[in-house]
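Participant: Pasting a predicted model and its sequence here:
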Amino acid sequence: MSNIQEEAGDKIIVRYIAKRCIHAAECVKGLPKVFDIHRKPWIDPNAASADAIMEVISRCPSGALQFERTDGGPSEVMPPINTVTLMVNGPLSFRGRLEILSTNGEVTTTDTRMTLCRCGLSKNNPYCDNSHSKGGFKDNSLVLNNFTKTFDSIATDQAIKITPITHGPLGLRGPLEIIGSSGPSRYRCDRVFLCRCGASKNKPFCDSSHRQTLATRTNLDNRPAAELDAPARLREAAKQFARSRQSTAPASAPSASESSQQTPQTQSESPYTPRVLHLLPNDSEIALQVVEKDTQRLVIFDRAYNRYYLRNPEYTDIRGLLARPADEVVVTTIPRKSLAKEIARLLPHELDLLLWKATLAVSQGQLFEGLPRTGFFQLRRWPDLKRLGASPLHIKLAALLRKGGTIEYLAEFLNAPTADVIDYVNASYSLNYLEHKNTTVTPAVSTNKTLSDSKRSLFSRIRSRLGI
């Protein structure tokens, strides 16, 4: 790889990954004859014995330095149990059998040493890039929850599976020991969530502070939330749904009299297809367990706390599941009093962003069942459109819906396609941003107009509509 420097000696090959270096200086202090930053190349693998070079490289916390013995010598010695050391005012230092997973569960990196960011400022996530120094990150690195777990059913030689959860913490699975670097306290476990936004009040553990600190800025995968595209399977589901609507359309063309009485917005709609996202309950006293019939993957939805829970961190993008027809899953309701037991060993994730995108993808201009075409809609609360990545049309619709209106009124007022208005109404209703009345309510229209609507700017009409 072009970003890896490799220097081959007689008995050992030394590799250097510059992007992962945090300048701990273990190398230049340990073997200055081998590692001399004032020399080019700065690594001379023949300036010391292979054993000495191996010992110094093994002290590199970030894993920026790697080695390969060509003399048949030993490889790096693994610790008896994987460890995570909290560096004072700095990153998380991992040692042992380490695997970094993508949100799809694919292993992207396998290593024995890593330093991962926990200040929320790194430009090279999930790795540390020393941004904590410039950002003023402070933590005394104590493990206050002194707890030891006996690994009866888990082999301690298993790898830690590390999943950087989008807009959330580091999800760790596997036997590990967390060590406070400024005290003797230790915490042993086989599943834990560690803060990587820098805002937790219970460091090093996640306390959901990332929900406030990361909602309005670039996420921890270095991508704006608005750029998170729907997976291919979700787009394909939307296409199939559109084709199914076309296939159910009448084969014969309507008569001239029927055509004169019908507009594109009032023609009869295709049969309603219930999907998983339609089944999510608004009742705060129950949660919903959904199991896919083909894959047996389990997800528990808790709308009251805007969360969904998974068995493992490999399957975090559930937009495909939300878009699936309801007859392809098995659904069970869980009373609130039983929920804590059901989710005890599951991983929590935020629901609203995925639900918003999934609803927009499958809506296809068709109102959800139970929402009246001629009903009056009004905002319950202002949606977090910046985080949801809404379009300019969505911002205008939110402004108008502060006082409410019908779908036809909104489409006519904004000169927007009715299908786009319906998509927004469905998405807002899914996230409990909207309430509706079945009876038609005619929006108030001012009788003191000095200019016709055609001569007034859209902004002026919106301001007039809002009474400002």
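Facilitator: Perfect, thanks for sending it. Values in this document were obtained by computation on a predicted structure and should not be read as measured data.

Participant: Which residue ranges of the stretch 251-400 of the chain form helices?
Facilitator: 256-261, 276-279, 319-322, 336-342, 352-363, 385-388, 392-400 (DSSP state H, counting those that start in this stretch).

Participant: For the ones you listed, could you give me TSV that also reports mean pLDDT, mean neighbour count and distance to residue 293?
Facilitator: Where you see a C-beta, it was placed from the backbone N, CA and C, and this is true even at glycine. Listed next are the helices of the stretch 251-400 of the chain as TSV, based on pLDDT from 0 to 100; neighbours: other C-beta atoms under 10 Å; distance: least, C-beta to C-beta, whole Å:
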stretch	mean pLDDT	mean neighbour count	distance to residue 293
helix 256-261	38	9	41
helix 276-279	85	20	12
helix 319-322	84	24	12
helix 336-342	87	12	20
helix 352-363	85	23	19
helix 385-388	76	18	30
helix 392-400	87	18	34
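
Participant: Out of those, the one nearest residue 426 is which?
Facilitator: helix 352-363 (4.5 Å; C-beta to C-beta).

Participant: Show me what the closest one is packed against.
Facilitator: With contacts defined as 3 or more C-beta pairs under 8 Å, 6 or more residues apart in numbering; DSSP states H and E, helix 352-363 has these neighbours: helix 232-247, helix 276-279, helix 319-322, helix 385-388, helix 418-430.

Participant: The third one packs against which elements?
Facilitator: What it means is helix 319-322. helix 232-247, helix 276-279, helix 352-363.

Participant: And the residue most central in space within the chain, how close does it get to residue 113?
Facilitator: With distances taken as C-alpha atoms, centre = their mean, residue 166 lies nearest the centre of the chain, 3.0 Å away. Residue 166 is 25 Å from residue 113, where distance means C-beta to C-beta, to the nearest Å.

Participant: try residue 344
Facilitator: 32 Å.

Participant: the more surrounded of these two?
Facilitator: residue 113 (21 against 8; other C-beta atoms under 10 Å).

Participant: can you tell me the average pLDDT over whatever helix or strand the more buried one lives in?
Facilitator: According to DSSP states H and E, residue 113 maps onto strand 107-116. Per-region confidence: strand 107-116 scores 94 on mean pLDDT.

Participant: neighbouring contacts of that strand?
Facilitator: Strand 107-116 is touched from outside by 20, 22, 58, 60-63, 76, 78, 87, 90-102, 126-128, 159, 162, 170, 196, with contacts defined as C-beta atoms under 8 Å, 6 or more residues apart in numbering.

Participant: need the least confident one among the helices and strands packed on helix 352-363, by mean pLDDT.
Facilitator: helix 232-247 (a mean of 49).

Participant: and residue 204, which of the helices of the stretch 251-400 of the chain is closest to it?
Facilitator: helix 336-342 (23.3 Å).

Participant: Could you list the single helix or strand in the chain with the lowest mean pLDDT?
Facilitator: helix 256-261 (a mean of 38; mean pLDDT, DSSP states H and E).

Participant: contacting residues for residue 191?
Facilitator: Per C-beta under 8 Å, 6+ apart, neighbours of residue 191: 172, 173, 345.

Participant: Report whether the second one is found in a strand, as I expect.
Facilitator: I take that to be residue 173. Yes - checked against DSSP: H, G, I helix; E, B strand; the rest coil, residue 173 lies within a strand.

Participant: Across the sheet, point out what pairs with it.
Facilitator: residue 161, residue 191 (DSSP bridges).

Participant: any weak-confidence spans in this structure?
Facilitator: Scanning the chain for pLDDT under 70 picks out the ranges 1-2, 144-156, 181-185, 212-272, 312-315, 390, 438-468.

Participant: Let me see the domain layout of it.
Facilitator: For the chain, the structural domains run 4-69, 82-222, 276-355, 364-466, going by automatic domain parsing.

Participant: rewinding a little: so how do I select the buried members of the contacts of residue 191 in PyMOL?
Facilitator: Listed next is the PyMOL selection for buried residues among the contacts of residue 191, using 16 or more other C-beta atoms under 10 Å:
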select buried, resi 172+173
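
Participant: In TSV: the contacts of residue 191, plus distance to residue 372.
Facilitator: TSV is the format used below for the contacts of residue 191 (distance: C-beta to C-beta, whole Å):
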residue	distance to residue 372
172	48
173	47
345	42
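
Participant: circling back to that earlier point, didn't the residue nearest to the centre of the chain look like it was pressed against residue 316?
Facilitator: Yes - Residue 166 lies in contact with residue 316 (C-beta atoms under 8 Å); the separation is 6.8 Å.

Participant: Now the common contact residues for the two.
Facilitator: In contact with both residue 166 and residue 316: residue 103, using C-beta under 8 Å, 6+ apart.

Participant: Can you classify the residue nearest to the centre of the chain by secondary structure?
Facilitator: Criterion first, three-state DSSP; result for residue 166: coil.

Participant: before we move on, what about residue 19?
Facilitator: Residue 19 ends up helix, using three-state DSSP.
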